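Colleague: okay, sequence plus prediction incoming.
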Amino acid sequence: MSFSPLLSKLTLCAAIALVSATGTAQAQSATEIQLSYKDKKFDPAEISAPANAPIVIKLKNLDSKAMEFESKTLKVEKVVAGSSDATINVRAQKPGRYEFFDEYNEKVARGALVVK
Ligand SMILES: [Cu+2]
């Protein structure tokens, strides 16, 4: 067929346009939250964000040991080395309370993200 290469080119362009439009929309509406971790505690222990917008958690691990930020309900997991920072990207969420914890100290190091 002579026009199938043209057709696939058009499909590819449409796909790229869609991806870049979505990327721009997310960058504009993302909510950034500062969160610290010290002495096996999150500070603040409860953070909040608006619903239906991506969330960026800027986490500072002030302890000298590594920790692992994890949330089953938010489907995120990230190891953060001691005395360092990490950025945790969370997808847009529905209203609710989402618990997170340090997997290395799961019983004591707990916090929650409240989405309203
Ligand atoms: Cu884990």
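Modeller: Sure thing, it's come through. Numbering: from 1, shown residues only.
Colleague: from what I see, residue 86 and residue 67 are in contact.
Modeller: No - counting by CB atoms under 8 Å, residue 86 does not reach residue 67; the two are 9.5 Å apart. Quick note: C-beta positions are derived from backbone N, CA and C, even for glycine.
Colleague: pick out whichever of the two has more residues nearby.
Modeller: More neighbours surround residue 67 than the other of residue 86 and residue 67, with 23 against 17 (other CB atoms under 10 Å).
Colleague: may I have stretch 52-61 exported as PDB, CA atoms only?
Modeller: Below are the C-alpha coordinates for stretch 52-61, written out as PDB (Å, rounded to 0.1, in the frame of the first residue of the first chain):
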ATOM      1  CA  ASN A  52      -7.300  15.300  41.100                       C
ATOM      2  CA  ALA A  53      -3.900  17.000  40.700                       C
ATOM      3  CA  PRO A  54      -0.500  15.400  40.700                       C
ATOM      4  CA  ILE A  55       1.500  15.700  43.900                       C
ATOM      5  CA  VAL A  56       5.200  16.100  44.300                       C
ATOM      6  CA  ILE A  57       6.700  15.300  47.700                       C
ATOM      7  CA  LYS A  58      10.100  16.900  48.400                       C
ATOM      8  CA  LEU A  59      11.400  14.600  51.100                       C
ATOM      9  CA  LYS A  60      14.500  15.500  53.200                       C
ATOM     10  CA  ASN A  61      16.000  12.600  55.100                       C
END
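Colleague: and that stretch, how far from the chain's centre?
Modeller: Its chain's C-alpha centre and that of stretch 52-61 lie 5 Å apart, by CA atoms, centre = their mean, to the nearest Å.
Colleague: count of residues packed around the closest residue in space to residue 111 that isn't next to it in sequence?
Modeller: Of all residues not flanking residue 111 in the chain, residue 42 sits nearest, at 3.7 Å (CB to CB, 6 or more residues apart in numbering). Residues lying near residue 42 (other CB under 10 Å) number 21.
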